[in-house]
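Enquirer: Need the 3D shape of this:
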Amino acid sequence: MMCCRAALLVLALAAAAVAAAAAPLHVVVVVLDDLGVQDLHYSAQLFDAPQYGKSPIVSPAIDGLARESVKLTSYYTHPTCTPSRVALLTSRYSHSMGMTFATAGDDVPGVPNTVPLMSEQLKQRGYHTHMVGKWHIGHSKESMMPYNRGFDSFFGLLGWGFDHYKKERDGCVDLWRGNQRITDINETDHATNMFSREAVSIIDSHAKAHKEDPMFMYIGYTAAHDPLEADPEFVEICKDVPNRSRRMFCAMIAQVDAGIKQVVDALKRNEMWEDTIFILTSDNGGMGLVGGFNYPLRGVKSMSFEGGVRAPAFVKAPGWTAGVFDGLMHIVDWMPTVLSLVDAHEPERKIPLPAGIDGVDMTPALAKLGEPSPRESVVPNYDVFQTSAAIRRGCYKLILGRSGNGFLFTEPDKQLLHPEGMKEPLKTVARHLSTLLFDFIAYYIPPPHDQFIKYAMCIQMGSVQDYLTGADMNHMVTQAEEGVDFAPDLTSWMPVLNWEKPNYLQLYDVCHDVSEAHNLAKEQPELVKSLHAELIEHARSHDTTQYACDAMCSAAPEDAACRPWLEEGDDIKDVVRQCETRYFYYQQKLLRQIETGIAIALAAVLLLLVCCCCRCCCCKGKKAVKKAAKQD
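Expert: Below is the predicted model:
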């Protein structure tokens, strides 16, 4: 009898072990929009910089997840949305795909279907694949749409963002379920709530119908991308934040934090959480002009400085120890890292990695903290249109060409911008004028149309800095008829070592100088030459057509920004070259008109004050004359 019981116990334990081993390994990737290192509470603690202020952001759910995860402190992205999402899903640097800036305008370029995505790789391994939220890697052809790129389901938007309530941008509604555009919009339902509910519903349905199968979910929240909108209950959480933009940004983070808690609770409720790889990342650094902050990192979104390309991220995987990883990592590394874990879990489903990827499998370092990073260098930016490139090897980072807006923005008070490095009284004047301009934009330009005006202002500030320091021209705000090719090769712009331009050639030890305050280029010329040679070799090995991602074409339909509009046989290169102008050129023109209007208004007010003062003085003079005459 005892022998029978022992045998049954052994069989039960063996069955439990087999069941545990057979448990599917799920993958959930969450991408947050435009968050800097000061825009999540856990990250603000890792990048503590009391001399620049204290972040007011509250994110208890995300902080709790970070405590269970491996937190990344030297993690790089590309400077804007599209390039980073392309890199994440393809494991290729954005410049190797010719997409180095956010798609806008008529959204012509996209990832060709000859380049496999992470979703397609996981689908081939037996995964049920779902996408919720922001796509933004091209949709001008039907073959570029998420439902044709390895996702079983898609609910979200195709472009850069929208009004979070109306779901509109560029004059059209951009909300899709599968291959159908949704027109019946609930304008009281915030996009963050909508995407969180959809993710929870998918998890519940998967657990009910496919519990034995692995699931991949890619969630691209539109928060905290401008326009700054949040439900009142979350604005209340951030009511003590003095600046309106920072307050609304804080509210959007609080709202997405609540949404992520719902998603994780659904995974736990369905007994999937312990067997889930969970990745959270921002797509780039914060944009100070709309409430996101990066201090002590210098610069903002769209720039090669650390503030544009170094972002908060963490990963939780079964069996891994929580902690901090300071080693080098780039957003292109996620696909080989995830596939390495998946293939180790189910070796019988393993297939070779796609050829030509730039990503590195980071599992040896992330699974055993203390091991060095398998990655020796990263190329966070190589943009022929902005004539800007950056490479980091070890602790040293080289920036060549335009560096753009290089201010270090500190935590705001009532005024949003506090640019470190700008001298008084120019700093005070800039703060007051920018506040006046933001108030004007907020009052007269409704969302989502207000957001690119602010981005144009950031580019304008960077262009002024570049002009003053003699850096290269920013072709991103140039029209086609002025002779700039909208589809050049990557090697059409090769940065040279120009030692006469201090803002053109910058070398920083970012391990010890995260604010990039001390340019070491002239002190270490041999290191500069070595990094430059590596960058040039990298460009030659990745040479391909580069696209003006914000090209606008007269041949495009009015709602091209929100749906496929090209034929499958159309050549993207030819289409881009036939476009007449660029979205950001239009936004720059509009910004200049607004600034001119404000300048005229201020001049008129000043003239009126001068006239009033003159009249006052004149009246006093006349009275004095009359009084003197009476006394005589």
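Enquirer: can you give me the helices in the stretch 1-150 of the chain?
Expert: 2-22, 41-46, 60-67, 81-90, 118-124 (DSSP state H, counting those that start in this stretch).
Enquirer: least reliable of the ones you listed going by mean pLDDT?
Expert: If you rank the helices of the stretch 1-150 of the chain by mean pLDDT, helix 2-22 sits at the bottom with a mean of 46.
Enquirer: Tell me where the stretch 351-500 of the chain is predicted with low confidence.
Expert: 421-422, 442-443, 446-453, 455-483 (pLDDT under 70).
Enquirer: how much space between Pro24 and Met272?
Expert: 8 Å (CB to CB, to the nearest Å). (C-beta placed from N, C-alpha, C; glycine too.)
Enquirer: if I look at these two, which residues touch both of them?
Expert: Met215 (CB atoms under 8 Å, 6 or more residues apart in numbering).
Enquirer: list the contacts for Lys211?
Expert: Lys211 neighbours (CB under 8 Å, 6+ apart): Asn270.
Enquirer: Assumed it was part of a strand.
Expert: No: Lys211 sits outside any strand when classified using DSSP: H, G, I helix; E, B strand; the rest coil, being coil.
Enquirer: per-residue pLDDT, it?
Expert: Confidence score, pLDDT, at Lys211: 93.
Enquirer: where does it fall, phi/psi-wise?
Expert: phi -60, psi -30 (degrees, to the nearest 10).
Enquirer: what ranges do the helices span in the stretch 151-300 of the chain?
Expert: In the stretch 151-300 of the chain, the helices defined using DSSP H, counting those that start in this stretch lie at 191-209, 232-237, 244-269.
Enquirer: Nearest to Lys522, out of those?
Expert: Distance to Lys522, taken as CB to CB, is lowest for helix 244-269 among the helices of the stretch 151-300 of the chain, at 37.7 Å.
Enquirer: ok, and what's touching stretch 224-238?
Expert: 32-35, 39, 56, 58, 81, 160-161, 163-165, 190, 193, 245, 247-256, 258, 287, 290-292, 447-448, 450-451, 454.
Enquirer: okay, the helices of the stretch 151-300 of the chain in TSV with distance to Asp571 and mean neighbour count next?
Expert: Below are the helices of the stretch 151-300 of the chain laid out as TSV (distance: least, CB to CB, whole Å; neighbours: other CB atoms under 10 Å):
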stretch	distance to Asp571	mean neighbour count
helix 191-209	34	19
helix 232-237	46	14
helix 244-269	39	23
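Enquirer: okay, these in CSV with distance to Ala322 next?
Expert: Shown next, in CSV, are the helices of the stretch 151-300 of the chain (distance: least, CB to CB, whole Å):
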stretch, distance to Ala322
helix 191-209, 23
helix 232-237, 27
helix 244-269, 15
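Enquirer: Show me the one of these that comes nearest Ala487.
Expert: Between the helices of the stretch 151-300 of the chain, helix 191-209 lies closest to Ala487; by CB to CB that is 32.8 Å.
Enquirer: Which other helices and strands does the closest one contact?
Expert: strand 128-134, strand 153-157, strand 215-220, helix 244-269 (3 or more CB pairs under 8 Å, 6 or more residues apart in numbering; DSSP states H and E).
Enquirer: what angle separates it from strand 153-157?
Expert: Between the axes of helix 191-209 and strand 153-157, defined by axes from the mean of the first three to the mean of the last three CA atoms, to 10 degrees, the angle is 180 degrees.
Enquirer: returning to that earlier point: looking at the helices and strands packed on helix 191-209, which is closest to Val338?
Expert: Across the helices and strands packed on helix 191-209, closest to Val338 is strand 215-220 (CB to CB), at 8.7 Å.
Enquirer: just checking, what packs against that closest one?
Expert: strand 26-32, helix 118-124, strand 128-134, helix 191-209.
Enquirer: Quick one: closest of the ones you listed to Asp439.
Expert: So among the helices and strands packed on strand 215-220, helix 191-209 is nearest, using CB to CB, at 25.5 Å.
Enquirer: Mind listing residues that contact that closest one?
Expert: In contact with helix 191-209 (CB under 8 Å, 6+ apart) are residues 128, 130, 132-133, 153, 155-156, 162, 164-165, 167, 213, 215, 217, 219, 221-223, 231, 252, 255-256, 258-260, 262-263, 266-267, 270-272.
Enquirer: Over to stretch 560-567?
Expert: 104-108, 139-142, 144-145, 158-159, 169-174, 181, 553, 556-557, 572, 575.
Enquirer: buried subset of those?
Expert: 104-108, 139-141, 144-145, 158-159, 169-170, 172-174, 553, 556, 572, 575 (16 or more other CB atoms under 10 Å).
Enquirer: sorry, back to before: between the helices of the stretch 151-300 of the chain, which one is nearest to Ser377?
Expert: That would be, of the helices of the stretch 151-300 of the chain and by CB to CB, helix 244-269, which comes in at 31.9 Å.
Enquirer: now for that closest one, which elements pack on it?
Expert: strand 26-32, helix 60-67, helix 191-209, helix 232-237, strand 276-282.
Enquirer: Among these, which comes closest to Gly323?
Expert: Going by CB to CB, the one of those nearest Gly323 is helix 60-67, 10.1 Å.
Enquirer: before we move on, back to that, could you take the helices and strands packed on strand 215-220 and lay them out as JSON lines, with extra columns for distance to Ile600?
Expert: Listed next are the helices and strands packed on strand 215-220 as JSON lines, based on distance: least, CB to CB, whole Å:
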{"stretch": "strand 26-32", "distance to Ile600": "40"}
{"stretch": "helix 118-124", "distance to Ile600": "52"}
{"stretch": "strand 128-134", "distance to Ile600": "39"}
{"stretch": "helix 191-209", "distance to Ile600": "38"}
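Enquirer: Go through the ones you listed and name the closest to Arg615.
Expert: Closest among these, using CB to CB: helix 191-209, at 54.8 Å.
Enquirer: how big is the angle separating the closest one from strand 26-32?
Expert: Using the same axes, to 10 degrees: helix 191-209 against strand 26-32 is 180 degrees.
Enquirer: Helix 191-209 to strand 215-220, inter-axis angle?
Expert: 180 degrees.
Enquirer: how far out from the middle of the chain is helix 191-209?
Expert: 24 Å (CA atoms, centre = their mean, to the nearest Å).
Enquirer: try stretch 510-522
Expert: Distance, centroid of stretch 510-522 to centroid of chain: 24 Å (CA atoms, centre = their mean).
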